[in-house]
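**Q** Sequence and predicted structure, then a few things I'm wondering about:
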Amino acid sequence: MLKEDYKNLMLETSKTIGSVILDYLEPLKKENQELYKICLELLKKRIGTFETRAYLMRFSFEMCSEKKWTKEIVHACAAIELELASMYYTNRIFDDKGGKEILSQPKNQFMAAMITRDLASQALTKACSKVNYKTFIGIKDLFDEINKIFYIGQFFEVSYNIYKPSLKLDFDDLLQLYYKRDYGVNNSFFEKIGMIGAILGEGTKKQVETLANFGKDYGMMLQIINDIGDFVPPKYNLGTEEKLPEDAYSDIKHGKLTLPIIYSLTHGSKEDNKLVIEALTNPNIEDHKLIEVTKTLVRNGSIDFSKKTALDFITQGKKHLKIFSKEKRTALSTMEVIAWTNRYYKALSKFKQ
């Protein structure tokens with residue numbers, strides 16, 4: 001698939017579900033205009049962008065069903081985006097992300113999270129309008145599991161996957177803790193999307209399992225790339241709907257042990273890690289020192305190690321898809337390639353000496 005074809009499919013997916021999402025929010029307008037705007041804020045930004053989760057839902061369905069867009073799968077995609085919005089609103093509170101204006105009213109973010117979560121559940125029910133009761137309960141359980149596992153992952157992230165509680169762990173233990181956290185906050189979501197799309201498409205047991213594994217590996221790869229992006233200084237970071245330029249270095253300033261940091265702490269020199277540890281323990285560290293952290297991670301191989309690990313998950317994902325014909329799997333294979341060829345790598349190459 002050509003890059004332009006992929007882009008068109010992604011935008012078609014986003015625009016099609018965008019109007020449906022706005023319909024779900026419409027009753028809030030009559031209830032309270034201010035509340036409507038709070039819940040709309042993040043979702044409105046995403047309409048017409050690259051919504052990979054909705055895209056995965058759509059093509060997991062199409063690969064198994066032999067059908068194109070249906071009314072039901074559009075609502076399933078809308079449910080996934082509303083659920084994601086709910087996660088983003090709460091994540092802003094946990095990670096102090098979103099900018100000063102948004103963070104000045106954290107209670108509003110919490111309310112937006114709860115409302116969009118309920119709207120996501122409504123959309124999922126409409127998506128399942130033509131399936132039998134047993135199938136609906138199975139899909140609903142998977143959807144609820146997304147939410148539960150996300151907050152379990154958040155618990156591990158804020159309680160264990162941070163610098164001070166993990167001081168005595170070795171590389172392998174840190175890696176396992178990192179993967180456990182990532183499964184909760186990201187990979188499980190993609191895994192369940194693949195499963196739900198395949199079930200709605202009446203996929204075989206093997207197809208459901210395959211798309212679950214693909215989603216899980218894709219989610220892991222995407223999380224690693226996102227971690228790498230944390231070290232792109234705002235000057236070079238054009239931003240995405242998931243990571244604003246002003247959120248650069250947010251992870252390290254919160255003491256989070258992302259993959260580049262884990263590698264540096266366990267494989268880098270003491271001299272390298274003096275500044276890394278300062279960034280992990282001092283949220284008010286000066287900007288010029290953070291740029292030096294980026295240079296350190298590029299120089300000592302931490303970024304390259306993370307890139308290689310992300311590539312390993314891409315390779316696994318491609319292997320999973322081989323049960324489908326080349327024609328069927330091309331939409332998801334292209335999605336992997338596009339994620340891999342991201343602008344973070346190009347920006348960080350500027351710091352190679």
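**A** Okay, I see it. Remember, it's a predicted structure, so these values are computed and weren't measured experimentally.
**Q** only C-alpha atoms for contact and neighbour calcs from this point on.
**A** Fine.
**Q** these two touch, right, Lys253 and Glu278?
**A** No. Taking contacts as Cα atoms under 8 Å, Lys253 lies outside contact range of Glu278: 9.2 Å.
**Q** Mutual contacts of the two, please.
**A** Ile285 (Cα atoms under 8 Å, 6 or more residues apart in numbering).
**Q** Asn8: how many residues sit nearby?
**A** By the measure other Cα atoms under 10 Å, the count of residues near Asn8 is 12.
**Q** now it: how far from Cys64?
**A** Between Asn8 and Cys64 the distance is 22 Å, computed by Cα to Cα, to the nearest Å.
**Q** swap in Gly301?
**A** In terms of Cα to Cα, Gly301 sits 41 Å off from Cys64.
**Q** So for these two, which sits in the more crowded spot?
**A** The neighbour count for Gly301 versus Cys64, taken as other Cα under 10 Å, is higher for Cys64 (21 against 16).
**Q** ok, that one - contacts?
**A** By Cα under 8 Å, 6+ apart, the neighbours of Cys64 are 198, 201-204, 207.
**Q** May I ask which of the residues you listed has the most neighbours?
**A** Going by other Cα under 10 Å, Ala198 tops those with 29 neighbours.
**Q** Over the helix or strand hosting Glu12, what's the mean pLDDT, rounded is fine.
**A** Using DSSP states H and E, Glu12 sits within helix 3-31. Helix 3-31 shows a mean pLDDT of 93.
**Q** Ok, stretch 115-135 next?
**A** 96.
**Q** rewinding a little: show me which residues of the helix holding Glu12 are buried.
**A** For helix 3-31, burial by neighbour count (16 or more other Cα atoms under 10 Å) applies to 6, 10-18, 20-21, 24-25, 28.
**Q** what's the most distant pair in those?
**A** Greatest spatial distance among the buried residues of helix 3-31 (Cα to Cα): Tyr6 and Leu28, at 34.0 Å.
**Q** quick one: the helix or strand containing Asn91 to helix 3-31, angle?
**A** Following DSSP H and E, one finds Asn91 within helix 71-95. Note on geometry: by axes from the mean of the first three to the mean of the last three Cα atoms, to 10 degrees, helix 71-95 and helix 3-31 are set 80 degrees apart in direction.
**Q** Show me what counts as buried in helix 71-95.
**A** Those would be 72-93, for helix 71-95 by 16+ other Cα under 10 Å.
**Q** Show me what it is packed against.
**A** Contacts defined by 3 or more Cα pairs under 8 Å, 6 or more residues apart in numbering; DSSP states H and E place helix 71-95 against helix 3-31, helix 33-46, helix 52-65, helix 106-127, helix 188-200.
**Q** Which other helices and strands does the shortest one contact?
**A** In terms of contacts (3+ Cα pairs under 8 Å, 6+ apart), helix 188-200 is packed against helix 52-65, helix 71-95, helix 133-159, helix 205-229.
**Q** Distance from it to the middle of the chain?
**A** Averaging C-alpha positions (Cα atoms, centre = their mean, to the nearest Å) puts helix 188-200 14 Å from its chain's average.
**Q** Repeat that for the first one.
**A** Put simply, helix 3-31 sits 18 Å off its chain's centre (Cα atoms, centre = their mean).
**Q** and the angle for it with helix 106-127?
**A** 110 degrees.
**Q** buried set for the lowest-mean-pLDDT helix or strand in the chain?
**A** Scoring the helices and strands of the chain by mean pLDDT, DSSP states H and E places helix 100-103 at the bottom, with a mean of 70. Neighbour counts over helix 100-103 (16+ other Cα under 10 Å) mark 102-103 as buried.
**Q** what does stretch 49-69 give?
**A** In stretch 49-69, counting by 16+ other Cα under 10 Å, buried: 49-65.
**Q** Same question for stretch 290-308.
**A** For stretch 290-308, by 16+ other Cα under 10 Å, it's 290-291, 293-307.
**Q** For the stretch 101-250 of the chain, give me the ranges with low pLDDT.
**A** By pLDDT under 70, the weakly predicted segments of the stretch 101-250 of the chain are 237-246.
**Q** mind running it again at 90?
**A** 101-106, 154, 156-169, 233-248, 250 (pLDDT under 90).
**Q** In which helix or strand does the closest residue to Asp217 other than its chain neighbours reside?
**A** Leaving aside its sequence neighbours, Asp217 sits nearest to Phe313 (Cα to Cα, 6 or more residues apart in numbering; 5.4 Å). Using DSSP H and E, Phe313 sits within helix 302-320.
**Q** Can you identify the element that follows that helix toward the C-terminus?
**A** helix 326-340.
**Q** could you give me the average pLDDT of the helix or strand just after that next one?
**A** Scanning forward in sequence from helix 326-340 by DSSP H and E, the next helix or strand is helix 343-348. On average, the pLDDT along helix 343-348 is 84.
**Q** mind saving the C-alpha coords of helix 343-348 as PDB?
**A** Output of helix 343-348 as PDB, limited to C-alpha atoms (Å, rounded to 0.1, in the frame of the first residue of the first chain):
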ATOM      1  CA  ARG A 343       9.700  12.100  12.800                       C
ATOM      2  CA  TYR A 344      11.100  11.600  16.300                       C
ATOM      3  CA  TYR A 345      14.000   9.600  14.900                       C
ATOM      4  CA  LYS A 346      14.900  12.300  12.500                       C
ATOM      5  CA  ALA A 347      14.800  15.000  15.200                       C
ATOM      6  CA  LEU A 348      17.100  13.000  17.500                       C
END
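**Q** who touches that helix?
**A** 225, 228-229, 232, 236-237, 294, 298.
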